[in-house]
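Engineer: build the 3D model from these lines:
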Amino acid sequence: MSPLGLAKKKSLTEPIVVATAYDYAGGMAAATSGVDVILVGDSSEQVVHGRKSTASITLDLMLAHCAAVRRGITSGIDATRQEGNAG
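Structural biologist: Residues are numbered from 1 along each chain as shown. Purely as a prediction, here's the structure:
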């Protein structure tokens, strides 16, 4: 969903459905379930890597998670590219 689509849903007070994914399978599952937004959060440091805090996650590790999730998404907006990043 585009940012404009999200703004429209908000203005109509329609729910915006967000799912968190950390890998290819999670990205694919979220994308095929029809959610509006897929979040790749630093919580992967705790959920995936078993750390007690998110403080130690590195940018390289976050980018690896984002790339894995992106590979699982076959349609929709790609926010990693909207900001001018390689994705």
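Engineer: strands along this protein, start to end?
Structural biologist: Counting by DSSP state E, the chain has strands at residues 18-20, 37-39.
Engineer: okay, buried residues for the first one please.
Structural biologist: Going back to what we said before, that points to strand 18-20. Neighbour counts over strand 18-20 (16 or more other CB atoms under 10 Å) mark 19-20 as buried. Bear in mind the C-beta positions are built from the backbone N, C-alpha and C, glycine included.
Engineer: where does this protein dip in pLDDT?
Structural biologist: 75-87 (pLDDT under 70).
Engineer: what bridges to Thr20?
Structural biologist: As for beta bridges, Thr20 partners with Leu39 under DSSP bridges.
Engineer: ok, it touching Val35?
Structural biologist: No. Between Thr20 and Val35 there is no contact under CB atoms under 8 Å: 9.8 Å.
Engineer: ok, now how distant is Met28 from Ala19?
Structural biologist: Taking CB to CB, to the nearest Å as the measure, Met28 falls 11 Å from Ala19.
Engineer: same check on Gly72?
Structural biologist: Counting by CB to CB, the gap from Gly72 to Ala19 is 12 Å.
Engineer: which residues do these two both contact?
Structural biologist: Ala30 (CB atoms under 8 Å, 6 or more residues apart in numbering).
Engineer: once you drop chain neighbours, what's closest to Ala29?
Structural biologist: Ala21 (7.2 Å; CB to CB, 6 or more residues apart in numbering).
Engineer: show me what contacts Val17?
Structural biologist: Applying CB under 8 Å, 6+ apart to Val17 gives the contacts 34-37.
Engineer: buried residues in stretch 38-54?
Structural biologist: Neighbour-count burial for stretch 38-54 flags 38, 40, 44-45 (criterion: 16+ other CB under 10 Å).
Engineer: nearest to Glu14 among these?
Structural biologist: Closest approach to Glu14 among the buried residues of stretch 38-54 (CB to CB): Ile38, at 18.0 Å.
Engineer: residues contacting the closest one?
Structural biologist: Applying CB under 8 Å, 6+ apart to Ile38 gives the contacts 18-21, 27, 30-31, 69, 73.
Engineer: now the helices: where do they sit in this protein?
Structural biologist: Using DSSP state H, the helices found in the chain span residues 3-11, 24-32, 44-47, 59-72, 79-82.
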